[in-house]
Every structure is written in C-alpha cells, then in structure tokens.
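> Okay, here's the prediction I keep looking at, along with the sequence it came from:
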Amino acid sequence: MSRYVARRLAFLVITLLLTSLIVFVVTQWLPGDVARVILGREASEPALAALRAELGLDKPLPLQYLSWLGRFLTGDWGTSYSTGLPVRDLVLERAGNSTMLAGLTLLIAVPLSVFLGVVAGLKADKPLDATISIGSLAVVGLPEFVTGLILIEVLALRLHLFPANSSIRPGTGFFEALPQLVLPALTATFVLLAYVTRLTRAGVVEEMRQGYVRTATLKGLPRRTVVGRHVLRNALLPTITVLAISFGWLIGGLIVIENVFNYPGLGRLMTFAIDRRDLPLMQAITLLTVLVFALANLGADLLYAALNPRIRLE
Amino acid sequence: MTVNGYNISSMDGYTAGGGGSDPASLFSEERRRGLAAAFSRVGRALRELYARPASALGTTLVLVFFFMALFGPLIAPYSATEQIAGAARQAPSLQHLFGTDHLGRDVFSRVVLGARDILALAGLGTLLAVTIGTLVGMFSAYRGGWVDEISFRLFDSLLALPALLLALLLLGVVGPSRSSVLVVLVIVYVPIVARVVRSVVLSTKQKGFVEAARMQGESTASIVRRDIFPSVTPALTVEAALRFSYAIFLVASLGFLGVGVQPPNPDWGLMVSQARPYVSLTPWALYFPAIAIALLVIGVNLAADGLKRVLLPGRES
Amino acid sequence: MASFSNVLEIDGLTVSYRRGQKSLDAVRNVSFSIAAGQSYGLVGESGSGKSTLALAIMQYLPENGLVTGGTIRLGGQDLAALPREQMQQVWRDQIKLVPQDPGASLNPSLRIGDQLDEALCDGNEARDELRQRSLEQLRQVRIADPERVAASYPHQLSGGMQQRVLIAMALARQPSLLILDEPTTNLDVTTEAVILDLVRDLVHGQRTAILYVSHNLGVVASICDRVAVLYAGELVEDLTPQQLRRRPLHPYTLGLLDSVPRLGQRAGVDPLLPIAGTIARLDALPAGCVFAPRCPIAQQLCRDLRPELEETPEGGLVRCHRWREIAAGMVDARADRPAAVASQNGVSGAASALRTEALVKHFPVRRTLAEALRRTPARQVHAVDGVSLQIGQQRTLGLVGESGSGKTTAARCIVGLVERTGGQVTLFDIALAPGLDRRDAAVLRRLQMVFQNPEEALNPHRTVGDVLQRPLMRLMGLSAGEARQQAGELLEAVRLSSAYLDRTPGQLSGGEKQRVAIARAFASNPDVLILDESVSALDVSVQASILNLLTELQAEQGSAYLFISHDLAAVSYLADDIAVMYLGQVVETGSAEQMLHPPFHPYSEALLSAVPRIDAAGPERIRLPGDLPSAIDLPSGCRFHTRCPRLLGDICRTQEPPWQETAPGHRYRCHIAPDELTAMQVSSGEQNGWPRREMGEASR
C-alpha cells in the first residue's frame, strides 16, 4: 500500500508539472509577445521593453517557466489585465461559488446515478434496464445549455418552482443561495447521471458474471444478500474511479451551466477572461481547476486502494 | 512428403532475389478483395444496426442529418444570412417553417444549413484526431520503451485538463475561428484516441500471431498494418463514433459560449445563445436549433451504442 | 432403476440452449443415479455436455439454458419443480459444487473466514462459535494454519489453497450430493495430486454422494466407483473403473484410452491411436449413432439407427450396436494403427542443433520513485537462471516443469522474443543475437516456434492461405503463386485439405488451428522447432493426433524439437531426452528412458508420482508440501529444499547442490548421492508401480 501511495503521489507531481508546463506554453509562449497583448498595438517600443523586463519576459524560457511557477506556488497570481484587480482574490471568491454548485450537484447526482446504475445492472436486459439505458444514452451527450434551457422552460418559466437566473451577490452563503443553485445543479446532474449510471451498470453486470456470485448463490444465500454483501462490494469499487473522472466532466459542464444561468462561478469568470484575453486570469483559473481535479483523482485512487484488498495488502 | 521438395526450389527463388510474379497485380487483387469485403461489412453492420429499434432510430437520425448536410442548399428556401426585409420575429408558418429570428433570418434555413457546418467541423476534427491518435497510439505502443513512456505521460497530463477547459484556454489564446476549433478538437481528442488504440495494441502485441509474424522477420510497419491494425478497427470504429458525438457536443458548446464558430455563420450553439435575449419574443429561434442539437447527439449516441454492440459484443462499458 | 438409497436420480434428462430461433440439445436423454457414499465420474471432452449436466443438476443453468425433458430427483424430490426459495434450502444444505476456477469463485474483497462462516451459518449461532467451526473445517482440508488462512483474502492464497477452501466450504454442512466440476484442471500436477488425495480421503466412508466431472479418464478412474462416458450430449458407456481398465466396450471409450499417453509409452515404439475427425456439432447431429462418423467400425446400421443404452453382463451400460462383437473379441474397435514411423531420429550424442549455455533471464521489479532515489538496488525476478540445454540434430528434447519454472521464458529467450540477460544460444555453429530484430532471415528460417494457445495463433482477419504464404514469401523468397501452391502442400502435410486455404481462423476448430500453426512453422523448413505447450489446450483425442503428426513430420523433415510441457507423460511420449526445470534452473537431464527410473531428482520423482494414471492407483505417493516459492526471493541453498520430501538437513538449506552424474548423459542436481537416492526411491517405487524397465507391449 505504501508503495502504491508513493507511486500515486509521484504521478500526481509529474502530472501537475507537465500540465503547468502545458498551461505555460499555451498562455505565455503561444500568444507571442505578452507585453504587446497587454499594452495593445499602439504601445511604444520603450514601454514594451520596460514591461517585458518587469514581467521577466526578457529571460530565457525555462527560467521564465520556473519563476512563473514559483510565483504561482507562493500565492502571487498576478494582476488581472482587464480589471486591474489581484487575480487571487477574484479567482478564490468565484471558486467558492463554484464549489457550492459542484457540491450540491454531487449530493444529488452521485446517489441517484449509482442507484439507477445498480438497478439497471441487476435487471440487465430487462425492460427496466432498457429504459434506464436508453434514457441515459439519450441525455449523455446533450450539451448542458440544451438541458439547462429545457429545465428553465419547464421548472422556472412554466411551473415557477425556481428562479431562471442564478446570479447571486458576492459572499452569499450556501443555504441562502440554495434556491438559485437548484436549477444549475439539476442541469449538471444530467451530465453526470448518464455517465455514472452507464458505468455503474457495466460494473454490476460485469460482477454478476463472476464465479463468486455463483458460489454465493449456491451457498443458498437469499438474492439480496448475494447482491448486497458480495456483488455491490466489488461492483461499486470502480465507481469511485468513475466518479473522479466524471468530476472532470462536471468542471467542463459547469463552465457552460454558469453561463446559461448567469451564475458567478469560475466558469463564468473564464469566459469573461477569454473575452478580454486576460491571460493571468485564464492561467490562474486553469491551474486551480487542474489542481482540484488532480487531487480529486488522487483521492479517488487512494480510496479505491484502501477499499480494495488486492492493492491494500500489496 | 512434398514439403521436402521445395527446399531446393525455394533456395533458387531466394538467390534469384525472390519477389516473384508481378507484385502489383497481387496488390490490386488484395485491394479488390479488401474493398469488396469492406462493402459487405458496411452492409452487414447497417443490417445489424437496424436489427434493434434504438440503434435503428439513431442511425436514421444520423443519416437524415447527413442528408441535410449534403443537400442543405437544395432544401433551404433562404440563405443562412439573408435578413428578410419586414419578416423579423415571425412565428412558424408555411412560409417560414421554424419562424424567423429577431433579425428576420429564416430559422429553418439556418438550421438546415447549420447541419453542414457542425457535421463538417465535428467530422473533420474526429477524422483528424482518430487518424493522428491511431498512428501515435499504434507506433508508440508497438515500439514500447521510453518513446511510449514519454508520449503517454504527456497525454495523461493533457487528459488531466478537462476537455472544455483546455479548449477554452487554447481558443482564448489563439482567438476563435473555425480552424482554431478544428485544431482544438484534434488536440483534445488525440490523447484519448491514442490511449484506446494503445491498450488494444498492447494486448494484441502479445498474441501468438503477432509473435509468429515477428519470427518470420516481418518489418514493424508490415506487422502493424497487417496484424495489428485489423484488430484495432472494431474498437477504433466505436471510439470514432463516440468521439464524433463528443465533438458535436464540444463544437455546439463552444459556439454557445461564443468562442467557437463566429457570427453570422449558422452554428446551432451560436444560434441558441444569440436567441436567448429574445426568448420571450422568438422562442422558436432558440428551440429549433436546440432540438436539432439534441436529435443529432441522441442519434449519434444511439448509433454508436449499436455499433458497439455489433462490433464489440460482450463489452459492457 | 430407482433404488431406495439413491441420493441422485436422473431420468431421461434433456437440456437445451436457445440460440436465436434455434434450440440446441446439449444433453440428450441421460439417465443415471448415484447412491449415498458412491462416487460417480462423468468423463467427456469439450462439447460433450458434461458441465451443462452438472449445472442442470444444480439448477443453475445460464439464462438461455432449459431442462426440456426428464427429471432430476434429489432424495426423491424433483428439483425442477421446486420454487426458488426451496431451491435455496437445497443449495444450502444438500447439493454443493466445487468449481473449476477456484480463483474466480471466491469473493476477492471478503476474507476467507467470512466467506466460510457464511457457508456454515444457520442464522443464529454466536460469531465465535461459528468461526471455531470454520477453523475446524479448514483443518479438515489439511490447512496447517487455519487462523492465518481465515484472515486472508483470496488473492493471498495459491490456487491449490483456494481450492481447499472451496472444498471446505462445500463439505461444511455435510451435503448429500457433492459435485466436483474439473476441480483440478487449472492446477499444477503436484497440486492436483494433493487435492485428489484430499478428496479421496474426505469422502471415504462418508454418506455424501459424489459426482466428479472431468475430461481426464485417469483422474476419474482413480477416484470414482463408477465412470460414465459422455459424447456429444449422450451417455455412451457406464462402467466400473475395473472394467474401464480391463475391457471397455464402446469404441469412443477405447479411443479415449488410446489417445492418452501412458507414462513410459514412446512414440516410436507404441504410437497413440487418435480418434479420427471432430466432435459432432449440436446443430448437425448425425441421424444414427452420434459417434458413427468417427467410429473405426461403424456400419450402415450405425449410420441409420441410433443405438439404445444396453446392459452388459458385467453390469455396465453401453450404447453401441456392435458391443457384443467387441466384447466377444470378434472385432477390434480400436483405431487403425498409424503406419509405423521408421525412427529416423538422430542418435544420442549426435552433433547439437541447438545449444544454450548458462542462459539467464531476469526481469527487474519496478522500483518506486523513493526507492530509486535511495538507490535501493532493483529486485529481480529470476525467471531463468543459468539454463544449459542441448538438442541433438533430429532429436527431441522435452522440457518439463510446472508453471513458474521458467520453461516458457527460456523458450522465448531462445527464439529471441524475449531478450536474454546473459548466456549464449547457439544454432548449429551460429551464435544467436539476444533480440529477434538482430537475427537475419537465414537464422529466423531455421528456428521456428509453435505457441500454446491455438485461439491466438492465427490472425483472425487473414485466410489460412495468407497465413501460410507469408513465411514462404518472406523467408523462402517464393513468388505469390509458388507460395500458394506450396501452402496447399503444407496443409496436406498437416493432414488438412487445401480447401482450407480460403477459410478464416474463425471457421476452424482448435485442433485445426493448431495444425495450421504447425504448418506455418514448418513453412520455412526449420532445423529446430520449439513447441511451447503446443498441445496442452487441446482435447485429448485431438492432442493425440497432433502428437503423432509431430512425430511423423520430424521423421520426414528431420527437424529437432524442443518440446515444452507440464505433462510428463506427453513429454516422455515424444522426447528422446528430457530436462526438468524448477524455479529457473534445470534440476535433472537425461534420456527419456533414464528419467523414468530411479535415481531421480526428488522434484522429478514428485512430478512422476503425481501423473494421474488409469492403470494403477498406488496407495503411497510422493507429495509436495507448500507452494512454489517466489522467484524474487529465492530459497537459499538448494532451491527445492522448501518442498523437498527427501530433505537431508542443513546442507540443503545452505549449500547449492552439486551435479551428480549417474550414467553418461544423465545427471541431477542434489546433495544426495545416486546410490542412496536409488535405494530410497526403489523402496517407495515398488509400492508406486513405476513403469517396468522392460518396455514391451504394455498390457491394456
């Protein structure tokens, strides 16, 4: 197990370094002269040179990367080009909002999708499974803005259950924001639901075919014991990994959803930054997201290992 | 026994430089057989797709959209960008099947013509990503060693970036346009395809028939082409179908966010976001493109699922 | 047929599988019964329906399987009529199954103890009491440290240990019927022998009825009171083991017996008599006797009319029109003897075709980053550790060892699929490069290999013609036309018609695929052919014909063989010389003749004694305790000392044993001198019935 944890941690560090390198290359090197991006086309050559020196752009690229990474790690995330505000404050406040939304989504989506997946898997190839499978297939690829618009139309505009617009003031707490959170969270739930349901179902079907299920059944155990004690224990293990992967989807989905519902989260900030070509803002959002995603993956891997005796006792 | 006999004759052939009779005709013969087989395979796949209602529905939807993409200009009564004078904000009617938007453009024409846009972009992106991903995955996995190690570390890192986020970051830097969306699709999907291909190659590589080919002194290129590629095709076809579905999803989402295809092109995602401010006035301008996206994606998904059942029977996930 | 004390009564049972619109009868009209305390063996090759039958009795058929006729009665109760809840009771208390794949049959994420408790539980015992009974149960299957095993997860146990646990589970509630479905098929021979002993002892004198399903006549004959032979879904013969040894009556049973090499049977002297053809397909069953198409004595009657099961005077049952003639000795129902193969084998001491010297292959174990930083030396898996072999021209060297012995890795190093870590490989007088990529076509042509798994041997997307043409064009430089012509001739050489040229592997049976793979290997007319477990995955009747084909091809082609197998009988059938491997080392080499007689290395002795035999069921046998040690942390001194039944003492634990030479060409690696070892082994060998030195026509 300790070997496994060590290996996972090493992977995490390597992955983060490589991703940060990718982000650096894309945002610092690809756009060409960052000084010109900031100062605009009409800037004078001395002004450009001064800014380059200030930003360290006159140094060799590897050095630039190291100092850029160093600054990010020490909490100096720079100043937003478009607003002139410190990037860190902007990003962290929005990150809080996104976390609330993601949290509510996971709270709804995980139990629901795992439940549906298990039911479909146990009833494999029966009408109930076909309904769940086709249903999830149908929504698995629907862009969030389509599902979001449908939900707004039905739940907000027709039934008036929840507000259609989710813009909240800065510093709003979770329970205060809850009514505004419901619709975006439901939309995000659809993204996860289909994916997690399908993979959970696959896991259950796969495990039901294993020899130990026969052994358990032929011990004369009632079916609910066979399923509850034997099958789920194994079938739900891979679901942990599935959830971690789907977390990445959720991040992508939230970018669109926040735009549909006008919700002030990181995703909305990202599109704002792109509109304004605000590179420091884009960098910070991307790096933070990658970090969270990577940690989620690590957490899932460790949990998986802890629950799986074949790895735990390695 | 006859096998003994060729010991001598074959040595003759050997010293004479081998090769033998007309390799070109053999090749074309092989190719002809291959083509015929390919056609019969497509036919059989279609028949099997139509054997199940869900995949039949999906396949039909996809075919309808492809038809629209091919013959869009013949179907659409108006151009995509024409702002018909005095016809803004009209509800659906016989004149304008899906109504007109706030600028007086015919929504039906825009939806029909938009099919070509999204299918071409997503299709081309998928094709490029699958081709590049296959090449990278096959050669890297077949060679193994540090080349494989490094390229897959890098791919893993790319995969650590959620696709949409990576796409946004790239588009934010290079600026939105059709070609940058295409590039983004390729960058986002190459690692995924390469991984799928790699895992199939790694398992095929150890099979007896590949090892036998190695022991016959076959070149790597020939083994990859003749022995490994055919084993990869079923998984690759299914993967391509899935990628296609995600590509449509991504193109539409990018359009909606305003960083993909730019106005006034009839991009469905873009149409949805442009119609949003006017949703109470012209809801049809919002819902028809949204429905088009939904139907296309559902169609591709159902067809892809059907393909998977046909090509990779027994595989659940 | 019904009798009072019968535990299981099966009458006219037919089991069908739905396949699309069709319904295939996998088991047809089978009747038999098993009395309390009786053990009944069911023997058949793949496709015989034996597993279907076992599952039908368990009422655990796959979803598309259905009992379409007949009854299954357990203690007088019709199982098919039971509702699921009552069947659960039957599963819990009365019928138990010991499956073929012990690893997959235990839940990977529950401790053994918990899984065992579950099988014992009545619902209201105290936990401690239950666990005590579980531990007791583990002790009964001769597990020395039940506490440790109960606390383990399945993956921490070896296959043999897992199978003991499953047996303990099955016997926990003293079932009235125990079904063993190929319980030792996936285990090594030495483990198999231990498990068989265990089963034999546990059921001896118990009231439990046993149904033992297997493909191996020897195993069944040594365990059961009665043996039934199943062919293509029908019971063709039912007899006692004594009758089986003395005089079976059905041509198929005879064919099976003649297909399995007995220990000491030699290809050149006493060839196997394989059954012709392949098993009938369920969707194309013959109108008459199901065995008629393959039967050497089939007549028109046999092809027209399905025979009934008839009772013989000795109390057996046989389904054959001509059994009376066979019983009276009026016809010989055995297959035609293959034309005697003139032995053109090289003589012992002939110049070597292939030689390895101190061949070494170590696989590094991956280190973690921290270990790499601390510069901990990478640990090695010592797969092959200094193996020197020599194959004479036109001779066959048999390489024997259990899984984990390194025999396959050694073969792969020789052909260059795996790059060796050290040592030399010499083909005639050419020193071979470690990697395949650096060997030229001339070397590739002269050294070829046939793999174990026929299912993966051929590219499923290419026709047989393509498969065979490739080496002919590449290595022999033939033109496409010549190659196709030659491919046809190759097919005929492996006894397939040239009509196979246009078939794809999907259309071939396992045996046919392996024939094509052999034809491919022979395409370049190799001087040395490596056969890595090339017959192990095949049914016995097919295996026999492939073994004979290999003998004939060798006589015709003059290739030398390296024949690798875990099956000592098959090796001694084909090989001129034998080498035995254990944990990466050769522990004994000698001629096939020498290897079958004392003195042998204690490991070879255990291998020999583990071979299940039809002809004799020796009481006292050499059994190996424990499991194969790890190839990473090798035992000190003699690598075999942890399991050696002839352990001397500390010297074995501390010092590497020397080679002992007993006769020219025969040597073994052990601390015990030849004289002492012979003395020990002759005394126990007498009870074991080692094959007699006189190799005359063995009695059947």
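Thanks, I have the structure now. Numbers count the residues shown, from 1 in each chain, chains lettered A, B, ... in the order given.
> Poorly predicted segments of chain A, please.
Counting by pLDDT under 70, chain A shows low-confidence ranges at A:32, A:140-141, A:314.
> ok, which residues in it are in contact with chain C?
A:3, A:6-7, A:10, A:210-212, A:214-222, A:229-230, A:233-234, A:237, A:307-310, A:313 (Cβ under 8 Å from any Cβ of the partner chain). The way it works is simple: take the backbone N, C-alpha and C, and place the C-beta from them, glycine included.
> Mind checking which of these are in helices?
Counting by DSSP state H, those place A:3, A:6-7, A:10, A:211-212, A:214-218, A:233-234, A:237, A:307, A:309-310 in helices.
> In chain A, what residue comes closest to chain C?
A:Gly220 (2.6 Å; Cβ to the nearest Cβ).
> Count residues in the vicinity of that residue, would you?
21 (other Cβ atoms under 10 Å in any protein chain shown).
> And for C:Leu217?
For C:Leu217, using other Cβ under 10 Å, the count is 24.
> and the residues of chain A next to chain C, which are buried?
Buried positions within the residues of chain A next to chain C, assessed by neighbour count (16 or more other Cβ atoms under 10 Å in any protein chain shown), are A:7, A:210-212, A:214-221, A:229-230, A:233-234, A:237, A:308-309.
> would you say C:Asp354 is within a helix?
Let me fix one detail, which is that residue C:354 is Leu and not Asp. No: assessed with DSSP: H, G, I helix; E, B strand; the rest coil, C:Leu354 is strand; it does not lie in a helix.
> Hmm, C:Val425 and it touching each other?
Yes: using Cβ atoms under 8 Å, C:Leu354 is in contact with C:Val425, at 7.5 Å.
> More neighbours: those two, which one.
Between C:Leu354 and C:Val425, C:Leu354 has the larger neighbour count (other Cβ under 10 Å), namely 25 against 22.
> Could you check how far the more buried one is from chain A?
Here C:Leu354 is placed at a distance of 40 Å from chain A (Cβ to the nearest Cβ, to the nearest Å).
> confidence score at that residue?
C:Leu354 carries a pLDDT value of 95.
> need the longest helix for chain C.
helix C:540-557.
> Mean confidence (pLDDT) on that one, please.
Averaging pLDDT along helix C:540-557 yields 89.
> elements contacting that helix?
Taking 3 or more Cβ pairs under 8 Å, 6 or more residues apart in numbering or on different chains; DSSP states H and E as contact, the helices and strands that helix C:540-557 lies on are helix B:2-15, helix C:251-259, helix C:510-522, strand C:560-565, helix C:568-574.
> Which of those sits closest to chain A?
helix C:510-522 (22.9 Å).
> Moving C-terminal from the closest one, which element do we reach first?
strand C:528-532 (DSSP states H and E).
> By mean pLDDT, show me the worst of the helices and strands packed on helix C:540-557.
Out of those, helix B:2-15 stands lowest, with a mean of 34 (criterion: mean pLDDT).
> Within range of chain A, give me the residues from the stretch 101-250 of chain C.
Residues of the stretch 101-250 of chain C lying close to chain A by Cβ under 8 Å from any Cβ are C:101, C:104-110, C:115, C:118-119, C:153, C:155-156, C:166, C:169.
> repeat that with 6 Å
C:101, C:104-107, C:109, C:119, C:153, C:155 (Cβ under 6 Å from any Cβ of the partner chain).
> and the closest residue to B:Ala163 other than its chain neighbours, how many residues sit next to it?
Nearest non-adjacent residue to B:Ala163, counting by Cβ to Cβ, 6 or more residues apart in numbering or on different chains: B:Val188, 4.8 Å away. For B:Val188, the neighbour count with other Cβ under 10 Å is 25.
> just the one 5 residues further on next, same as before
The number of residues packed near B:Val193 is 26, by other Cβ under 10 Å.
> how close does it sit to chain C?
Distance, B:Val193 to chain C, using Cβ to the nearest Cβ: 21 Å.
> where does that residue land on pLDDT?
For B:Val193, the predicted pLDDT is 91.
> Could you tell me which ranges of chain C sit under the pLDDT cut-off?
Checking chain C against pLDDT under 70 turns up C:1-4, C:335, C:337-350, C:368-372, C:615-620, C:684-700.
> Would you tell me which residues of it are close to chain A?
C:88, C:91-92, C:97, C:101, C:104-107, C:109, C:119, C:153, C:155, C:368-370.
> how far does the helix of greatest length in chain B sit from the chain's center?
Criterion DSSP H: the longest helix present in chain B is helix B:107-143. Helix B:107-143 sits 4 Å away from the centroid of its parent chain (Cα atoms, centre = their mean, to the nearest Å).
> and it, what other elements does it pack with?
Here helix B:107-143 touches helix B:53-75, helix B:145-159, helix B:178-205, helix B:229-257, helix B:283-311, going by 3 or more Cβ pairs under 6 Å, 6 or more residues apart in numbering or on different chains; DSSP states H and E.
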